[in-house]
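In: Next comes the sequence, and after it the predicted model I'd like to discuss.
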Amino acid sequence: MDQLTIENGAENDIQQLPASNDEFGGVMVEMKEHMVSDVFRTLLKSSMAHWRSQGKKGVWIKLPIELSNLVETAVKEGFVYHHAEPKYLMLLYWIPKTINPIPANASHIARVGAIVLNDRREMLVVQEKMGQLRGVWKVSTGIIHEGEDISVGVVREVKEETGIDTEFVEVLAFSQEHNVFFGKSELFFMCMMRPLSYDILVQETEIEAAKVLLVHTTSNSLFKPPKAIQCLIKERIKVKINKK
């Protein structure tokens, strides 16, 4: 990271914000030390002039939550929000006078459903304590964590909700729905699972009850994805049952 630069051979160094180059012709500024707004404004103006002269494109500023006092200053200099996480805010400025091609932050969330089917043609189902499907027998569902594989996340969700250990077999089907979570879209993956244990221990904070039901008794109770996906899932379940 360069903190000091010399422009046009000037005798006095012109101080810049600490920054590193990214692979797309831009720079990343990671603010780590406390700074008052006036000092930050001066350094930011100087840095922006320097980066413009270098032909830089996107300028990113990562502000930890303890430096939120600098947000207003950056916004007044033309920066916009790109995304936020629990401990930092990422701001962006696109220097070229062209349309900004940088994609928005994650546009989708990933959810999974678990069809846990045993050798007796029984399926694991749960009732949730909250939400639109409260009191309805359905398969375990949940959100995939950042950096988590679908096959790992669906095993985790079943374990958390029911205490049952499972083995991931395959993705049966997936669907997409828009405007689900603060305007974000959702990708839903229905997975076939094999039980490895059988003692149910429900998650008290979210799950009202859990049990196993014969497959033919569950068709009116399970979470229903779009009809085409639902039909595909039913056919795949029949195949799995016939193989047992």
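Out: Structure received.
In: How is this protein partitioned into domains?
Out: With domains defined by automatic domain parsing, the chain comprises 12-94, 108-243.
In: Backbone dihedrals for residue 165, please?
Out: The phi and psi values for residue 165, taken as degrees, to the nearest 10, are phi -80, psi 140.
In: What residues of the longest strand along the chain count as buried?
Out: Counting by DSSP state E, the longest strand found in the chain is strand 166-181. Judged by neighbour count (16 or more other CB atoms under 10 Å), strand 166-181 contains these buried residues: 166, 168, 172, 173, 174, 175. C-beta: built from backbone N, CA, C; applies to glycine.
In: what would those look like in a markdown table with pLDDT and distance to residue 19?
Out: Listed next are the buried residues of strand 166-181 as a markdown table, based on pLDDT from 0 to 100; distance: CB to CB, whole Å:
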| residue | pLDDT | distance to residue 19 |
| --- | --- | --- |
| 166 | 98 | 47 |
| 168 | 98 | 43 |
| 172 | 89 | 47 |
| 173 | 87 | 46 |
| 174 | 89 | 40 |
| 175 | 88 | 42 |
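In: quick revisit: pick out the shakiest of the domains of the chain, pLDDT-wise.
Out: Lowest mean pLDDT within the domains of the chain: domain 108-243, a mean of 84.
In: Centre of the chain to it, how far?
Out: Centre-to-centre, domain 108-243 and its host chain are 19 Å apart (CA atoms, centre = their mean, to the nearest Å).
In: now swap in stretch 75-82 and tell me
Out: Centre-to-centre, stretch 75-82 and its host chain are 23 Å apart (CA atoms, centre = their mean).
In: Distance to residue 100 for the domains of the chain - can I get that in TSV?
Out: Shown next, in TSV, are the domains of the chain (distance: least, CB to CB, whole Å):
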stretch	distance to residue 100
domain 12-94	4
domain 108-243	19
